[in-house]
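Undergrad: next one to model:
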Amino acid sequence: GLLGSSVSAIEVPKGFVVETVVAGLEAPTAFASTPDGRFFIAEQTGVLRVWKQGRLLTEPALVLPGAAGEAPQPIALALAPEFPHPPHLFVLHDEGPASGDPVLARYTVDGDRADPETRKVLLGKKDSSPEAQPLRRGFPGGALCFGPDGTLWVAVADRTAGDAGVRVGSFGGKIYCVQPDGTPPAKNPFRKRLDRRFHPVFATGVRDPSAMALQPPWEGGRVFFADRRGGRTLIHELVAGSNYGDPDGPVSDFDDESRAPRYSDETGGIPDVAGGAFCSRRSSWPAEWRGRFFFASPSGHAIHALN
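TA: The predicted structure follows:
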């Protein structure tokens, strides 16, 4: 199913049908599903809503805090892997279009609401010294994805006009890995090479990351994500200590290894990316689609599949 408005006249392969699951949303940006079938859905206005038992609840689940005079922008959502044990909701959001880098905040869910009094910032601007560069316009990229070991990958867009992702002085343009309490796990690659401010850093050099997804562990457990650079869509495999920046760009402060994408849209025919998922080889889907990585392009009105 799809989140959003009418889905008429959409062409799908044989054996598939298109169904509108949730309608009446205002610019949805992310969602997360619970084991009991609910959806927590973020709208670009900074409101989180709940879809439950076939209807969109009227009362917001949460209204995110914003900077003075600005509406916060939720970028990505994730629920604790064994939700509701513990009942934690993780939100990557900024405090408004001009606020710069986002924060990762954790909330405790009580019923159909996330208690704002339980908010705990796990990762964010308090850990960085942003470079003095102008901010890019537009909705920022970003993604959240839990690994099989219970750690959380956090992809943060580079909001500057340069290549700040390879600089130690910038929070953006990096992929972080933290435990559910915000502390860096022992597996992080820079724990022994840089001071503690950079221990959560897992990889560098991303531009507009999105669509991060974990392959089923029994099929390899790899993590893929999308990035946008120079008008192209790139699909990367996440590897610790990698630099996903421009190979001809500035030298990385992290002395990390440059890594080429698994796929590059050389024609620029994929204008944007939102949402990614693997189809398990154990799935009941037709055999030709099993094991593939899927990602959506809202502006391109398409869902793409990669082997």
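
Undergrad: quick one: pLDDT of residue 272?
TA: Note for residue 272: predicted pLDDT of 90.

Undergrad: what do you get for residue 296?
TA: If you check residue 296, the pLDDT there is 92.

Undergrad: can you pull the poorly scored residue ranges out of the stretch 201-307 of the chain?
TA: For the stretch 201-307 of the chain, applying pLDDT under 70 flags no range at all.

Undergrad: so residue 258 makes contact with residue 239?
TA: No. Assessed by C-beta atoms under 8 Å, residue 258 is found out of contact with residue 239, at 11.3 Å. Backbone N, C-alpha and C define where each C-beta goes, glycine included.

Undergrad: any idea how far residue 239 is from residue 15?
TA: Between residue 239 and residue 15 the distance is 35 Å, computed by C-beta to C-beta, to the nearest Å.

Undergrad: more neighbours, the two?
TA: Shown here are residue 239 and residue 15; by other C-beta atoms under 10 Å, residue 239 has more neighbours (14 against 8).

Undergrad: distance of that one relative to residue 87?
TA: 32 Å.

Undergrad: equivalent analysis for residue 119, please.
TA: 14 Å.

Undergrad: over to residue 93?
TA: To residue 87, residue 93 is 19 Å away according to C-beta to C-beta.

Undergrad: the more surrounded of the two?
TA: Between residue 93 and residue 87, counted using other C-beta under 10 Å, the more crowded position is residue 93 (27 against 18).

Undergrad: who's the more buried one bridged to?
TA: Applying DSSP bridges to residue 93 yields these beta-bridge partners: residue 74, residue 103.

Undergrad: I figured it was touching residue 102, is that so?
TA: Yes. Residue 93 is within contact range of residue 102, at 5.6 Å (criterion: C-beta under 8 Å).

Undergrad: residues shared between the contacts of the two?
TA: residue 75 (C-beta atoms under 8 Å, 6 or more residues apart in numbering).

Undergrad: for residue 180, see how far away residue 146 is.
TA: From residue 146 over to residue 180 the distance is 9 Å, taken as C-beta to C-beta.

Undergrad: find residues that contact each of the two.
TA: Shared contacts of residue 146 and residue 180, defined by C-beta under 8 Å, 6+ apart, are found at 80, 152.

Undergrad: how about the contacts made by the residue nearest to residue 307 when sequence neighbours are not counted?
TA: Nearest residue to residue 307, sequence neighbours excluded (C-beta to C-beta, 6 or more residues apart in numbering): residue 292, at 5.9 Å. For residue 292, the contacting residues are 278-279, 305-307, by C-beta under 8 Å, 6+ apart.

Undergrad: phi first, then psi, for residue 217.
TA: phi -50, psi -30 (degrees, to the nearest 10).

Undergrad: tell me how far it lies from residue 229.
TA: Per C-beta to C-beta, residue 217 is found 29 Å from residue 229.

Undergrad: so these two - more neighbours on which side?
TA: Each of residue 217 and residue 229 had its neighbours counted (other C-beta under 10 Å), and the higher figure belongs to residue 229 (19 against 11).

Undergrad: phi, psi for residue 204 please.
TA: Taking degrees, to the nearest 10, you get phi -130, psi 170 for the backbone angles of residue 204.
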